[in-house]
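Asks: Kindly generate the corresponding structure for this input.
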Amino acid sequence: QYEKEHHYKSHTYRGLQWCEYCGNFMWGIIQQGVQCVDCGLNVHKQCAKLVPNDCQPALKHIHHVFGVDLTTLVKLHSTQRPLVVDMCIAEIEKRGMDSEGIYRIPGFHDDVIELKAAFDQLGTEVNMTAYEDVNTIAGALKLYLRELPVPLLPYRLYSRFINAAKISHENGKLDAIRMALSATPGAHFETIKYLIQHLGRVSERSNENQMSAHNLGIVFGPTLLRAPENDVNQRYNLNDTQFQQEAIASMIGYRQHLFGLG
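Replies: Numbering: from 1, shown residues only. So this is what the prediction gives:
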């Protein structure tokens, strides 16, 4: 059971409305309170600070798969990880593990966008076999991860992962990465763990697919470990690229040590 914060926006109620936290009437003509855009909870602005992180998203409020907060999506569907991640990985493991340049070679753009739209409209009813080019499926998975409003490795932990990757002593680096992972929110942790396990299996077939842990780190580093959007120091972000790659490559190469994965 993952915790999820409510995502409030000011709301104007046209009829009588009582606060669903304190039970008192919500006075005023406009913007009498706030409403959670994910579950529809209505509370006073001051009560919003007191409500526990118990948001349970409702289907009527969530209309997409891509671009939706990860924890919101898994709580909505009562799953451990986003189903789009599971479905793409399952299809790639079925027929793409020996595909040269898997994840590095982009799928045809229009097909990737079509698959994205299919997930948004059909969810788990998507016919994955309709997409013959496995690079389309790999491209859709990368696009999903890129469009997460909060990256798989959250913004607030960005500096911890980057600083860990800068440590030259291997054991110290891995310990620092493991500590940063331990601070990752539940749904994000389960998803990164599952993804790294998959990428580890991809790297084990690098003789066939040419995708070593290092090469996968190059592909996934900037996607999984994105710099905070309010960081205007572009030179700093550019210098971080090698450490983004190193952090992900280390997770793949040392997944047993970091996650207990084979």
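Asks: in this protein, which spans are helices?
Replies: Secondary structure of the chain (DSSP state H): helices at 45-48, 70-77, 83-95, 109-122, 134-146, 158-165, 170-182, 186-204, 206-209, 213-224, 234-253, 255-259.
Asks: Make JSON lines from the ones you listed and add distance to residue 54 to it.
Replies: Where you see a C-beta, it was placed from the backbone N, CA and C, and this is true even at glycine. Output for the helices of the chain, formatted as JSON lines (distance: least, C-beta to C-beta, whole Å):
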{"stretch": "helix 45-48", "distance to residue 54": "13"}
{"stretch": "helix 70-77", "distance to residue 54": "10"}
{"stretch": "helix 83-95", "distance to residue 54": "23"}
{"stretch": "helix 109-122", "distance to residue 54": "27"}
{"stretch": "helix 134-146", "distance to residue 54": "26"}
{"stretch": "helix 158-165", "distance to residue 54": "27"}
{"stretch": "helix 170-182", "distance to residue 54": "23"}
{"stretch": "helix 186-204", "distance to residue 54": "14"}
{"stretch": "helix 206-209", "distance to residue 54": "43"}
{"stretch": "helix 213-224", "distance to residue 54": "28"}
{"stretch": "helix 234-253", "distance to residue 54": "31"}
{"stretch": "helix 255-259", "distance to residue 54": "28"}
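Asks: looking at the ones you listed, which is closest to residue 7?
Replies: helix 70-77 (7.8 Å; C-beta to C-beta).
Asks: coming back round to it: for residue 4, which of the helices of the chain is the nearest?
Replies: For those, the distance to residue 4 is smallest for helix 70-77, at 4.7 Å, taking C-beta to C-beta.
Asks: And the contacts of that closest one?
Replies: Contacts with helix 70-77, where a contact means C-beta atoms under 8 Å, 6 or more residues apart in numbering, come from 2-4, 7, 38, 55-59, 62, 65, 80-83, 148, 150, 152, 185-188, 191.
Asks: Also stretch 154-162?
Replies: Contacts of stretch 154-162 (C-beta under 8 Å, 6+ apart): 153, 176-177, 179-180, 183-185, 188, 225-229, 240, 243-244, 247.
Asks: in it, what counts as buried?
Replies: Residues of stretch 154-162 classed as buried: 154-155, 157-158, 160-162 (neighbour count, 16 or more other C-beta atoms under 10 Å).
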